[in-house]
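# coords please:
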Amino acid sequence: MNPHTTIQAPGPGEDATFTLEVWEQHDMPPILYLAEGWTTIEEQAFVDNPDLEEIHIPASVVSIQEDAFNGAIELRQVEFAQGSRLEFIGDGAFGRTEALERINIPAGVTHIGDGAFFGATGLEQITFEEGSQLEMIGYQTFGGATALQTIRIPKSVASIDVEAFLGATGLREVAFEEGSQLEFIGDGVFDGTTALQTIRLPAGVGHIGKGVFRNTTSLQTIHIPRLVQTLMILTFENATSLREVTFEEDSMLQTIADGAFRGATALQTIQFPAGLMEIGEAAFANTTSLREITFEQYSQITRIHQNAFIESGLTLVYIGNTSLNRLNEQRATQLLLPLRFNTDDNNFYGKPGVKIISRADQINTFMKIAKRQRYKTQRTLIGKFKQLLGKSKKKLPNIPEDLAGMVAEKIAQKKRKSGNKLSPNKFAIKVAAAHRREIAAADARLAAMDAEEAGAKAEEVGKGGARKLKTRKRGIRRKSRKASGTRRMQKRRRTMKRK
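Next comes the predicted model:
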């Protein structure tokens, strides 16, 4: 048997599908070169074959069918000729190829089928040729590829199907090409990728499926794109290292579903976007390090399920007056006690001993500290802004993100205009004060709306009540004038005595 054999393609008009029979007719060489002219490698051509070690595929091949190399446990090298016209890799095509360590996917491939590399436990590296036209990654495509460490997904990929990387325990980094068109991430895509530390979701992602980051025990930070409207059930369940969750400005998030962050034991604080309306059952259950949550200004929060924060470490909630009133209306329908500001005995949806502070009070307290410890606090404030601007990595005290972000942006604008000569300290304090006034004004506008309703009720008092009120005011004025006259008389008497 010749270990190195080139098998010629059939002539014009003949079937150009490479089959197991063709390989057997050539004494099954372990190192196989296919000559130009072959167009397809048939379904199950080398399934469970223990002899094939290496294959060189010509540019003429456009399709590798289902399970073509599935279970070829000794296959360690797959090479595609330059200018490959390959378009299709079928379901399970390279599944369980335990010796295969790396593969480069030709640019023309538009479809990688379900489980195409499932159980390829030796696969350390997969790359895509520049200009890749890949449109989707299928169900469990890289599931169980435990040696895979990094992957850079082409910008042409619009969809990653269910459990595409399920159990890829060695995967540390997932990157997306600039200009990524990704819109859809299916259920459980990264479930069990216990080494995953770095991933930045593209801006166009609008759907993150159920349990996508479940059991990602090394993931520390995540940024949720603007178009995501729902964090589905169990999205970050048992993501035990997750300490920071941020949302895109003008986030469209409306719902955090049941158990979304359950067991995220490293999470310490989170700021919810203004458009968030509902937090599901046990959404933050067992988040033992969670200390405070903030609802953004003008929060639309309407419903929080009864045990959303059960067994969490929550002690502090920042929320606006109107938002709290809205929650209390919902609580009344469930016969739950109302939540109150500035007391630490609130049972906040399954977590007792929680203090609730209004957004206006939060800013007000911050300003009082700034006045009391002016120099130190200004430095801390500026340090926080530098941290937000990427100039400092030092961990600093918590400041509301929307406040700090706004001030940082204003400082940057002013410094650019002044040629970086402006000292930002006093400016930062003034902007913070302006922000506090803005919140107070918003609360005043909302209070005015409530006053209109109260005014409608006041009209029902009638003329009799109005006359009584008028008489009472007149009596107060009379008493005031009488007291003033008495004081003048006493002053004259003292003057006469002196004379």
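
# where in the protein is the helix or strand with the lowest mean pLDDT?
helix 374-388 (a mean of 48; mean pLDDT, DSSP states H and E).

# so what's the residue count around the nearest residue in space to P106 that is not next to it in sequence?
The spatially closest residue to P106, leaving aside those adjacent along the chain, is S84, at 3.8 Å (Cβ to Cβ, 6 or more residues apart in numbering). (C-beta placed from N, C-alpha, C; glycine too.) As a burial measure, S84 scores 21 neighbours (other Cβ atoms under 10 Å).

# which residues does S84 contact?
Listed by Cβ atoms under 8 Å, 6 or more residues apart in numbering, the contact partners of S84 are I57, A59, V61, P106, A107, G108.

# check which helix or strand covers it.
Of the helices and strands defined by DSSP states H and E, none includes S84.

# could you do N325 as well?
Secondary structure (DSSP H and E) places N325 in helix 321-333.

# and that helix, average pLDDT?
Averaging pLDDT along helix 321-333 yields 93.

# what strands line up against the helix or strand following that helix, and which way round?
For helix 321-333, the following helix or strand on the C-terminal side (DSSP H and E) is strand 346-348. With DSSP bridges as the test, strand 346-348 is paired with strand 351-358 (antiparallel).

# show me what counts as buried in the strand it pairs with.
Neighbour-count burial for strand 351-358 flags K351, V354, K355, I356, I357, S358 (criterion: 16 or more other Cβ atoms under 10 Å).

# measure the residue nearest to the first one when sequence neighbours are not counted to P352 for me?
Think K351. Closest residue to K351 apart from its sequence neighbours, by Cβ to Cβ, 6+ apart: F309 at 4.2 Å. Remark: distance between F309 and P352 (Cβ to Cβ, to the nearest Å) = 10 Å.

# and if you look at T322?
Counting by Cβ to Cβ, the gap from T322 to P352 is 25 Å.

# check G90 too.
Counting by Cβ to Cβ, the gap from G90 to P352 is 56 Å.

# and L253, by the same measure?
Counting by Cβ to Cβ - L253 and P352 are separated by 27 Å.

# what does F261 give?
Distance from F261 to P352, by Cβ to Cβ: 20 Å.

# who are the contact partners of the closest residue in space to T269 that isn't next to it in sequence?
Closest residue to T269 apart from its sequence neighbours, by Cβ to Cβ, 6+ apart: E292 at 5.1 Å. By Cβ under 8 Å, 6+ apart, the residues touching E292 are Q268, T269, L314, T315, L316, V317, Y318, N398.

# could you do T97 as well?
F69, N70, G71, A72, I73, L75, F117, A120, G122, L123.

# with distance to E130 added, can I get these in a markdown table?
Formatted as a markdown table, the contacts of T97 follow (distance: Cβ to Cβ, whole Å):
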| residue | distance to E130 |
| --- | --- |
| F69 | 25 |
| N70 | 29 |
| G71 | 32 |
| A72 | 28 |
| I73 | 31 |
| L75 | 26 |
| F117 | 21 |
| A120 | 23 |
| G122 | 25 |
| L123 | 21 |
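
# redo these as TSV? Include neighbour count.
Converted to TSV, the contacts of T97 look like this (neighbours: other Cβ atoms under 10 Å):
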residue	neighbour count
F69	26
N70	26
G71	19
A72	27
I73	16
L75	25
F117	27
A120	29
G122	17
L123	25
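
# any idea which of the residues you listed is closest to D161?
F117 (13.4 Å; Cβ to Cβ).

# Three-state assignment for that closest one, please.
coil (DSSP: H, G, I helix; E, B strand; the rest coil).

# which pLDDT value goes with it?
Here the pLDDT value assigned to F117 is 97.

# how about it, phi and psi?
Dihedral angles of F117 (phi, psi; degrees, to the nearest 10) stand at phi -120, psi 20.

# in contact with it, which residues?
Counting by Cβ under 8 Å, 6+ apart, the residues that F117 touches are F94, G95, T97, L123, I126, T141, F142, A145.

# okay, those in CSV with secondary structure next?
Formatted as CSV, the contacts of F117 follow (three-state DSSP):
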residue, secondary structure
F94, coil
G95, coil
T97, coil
L123, coil
I126, strand
T141, coil
F142, coil
A145, coil
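
# Q330 contacts T302, correct?
Yes - between Q330 and T302 there is a contact under Cβ atoms under 8 Å: 6.5 Å.

# hey, what's in contact with both of the two?
With Cβ under 8 Å, 6+ apart as the test, Q330 and T302 reach no residue in common.

# what's the span of stretch 328-347, first residue to last?
End-to-end span of stretch 328-347 (Cα to Cα, to the nearest Å): 12 Å.

# how far does it sit from its chain's centre?
A distance of 29 Å separates the centroid of the chain from that of stretch 328-347, by Cα atoms, centre = their mean, to the nearest Å.

# who's in contact with it?
By Cβ under 8 Å, 6+ apart, stretch 328-347 touches 302-304, 306, 315, 317, 321, 324, 327, 348, 352-358, 361.

# what's the answer for stretch 165-173, then?
140-151, 174, 188-199, 218.

# can you check stretch 8-27 too?
Here stretch 8-27 has contacts from 1-2, 5, 7, 29, 32, 34-42, 44-46, 58, 60, using Cβ under 8 Å, 6+ apart.

# could you tell me how many residues sit around L327?
Should you count by other Cβ under 10 Å, L327 turns out to have 23 residues around it.

# quick check: it vs V354, distance?
L327 is 13 Å from V354, by Cβ to Cβ.

# kindly report the same for V61.
In terms of Cβ to Cβ, V61 sits 63 Å off from V354.

# any idea which residue sits dead centre in the protein?
I224 (2.5 Å; Cα atoms, centre = their mean).

# that one is in contact with V245, isn't it?
Yes - look at I224 against V245 with Cβ under 8 Å: they come within range, at 7.0 Å.

# walk me through the domains of the protein.
What automatic domain parsing lists as the domains of the chain is 1-134, 220-372, 373-446.

# possible to save the ones you listed as TSV with distance to H207?
Shown next, in TSV, are these (distance: least, Cβ to Cβ, whole Å):
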stretch	distance to H207
domain 1-134	19
domain 220-372	7
domain 373-446	25
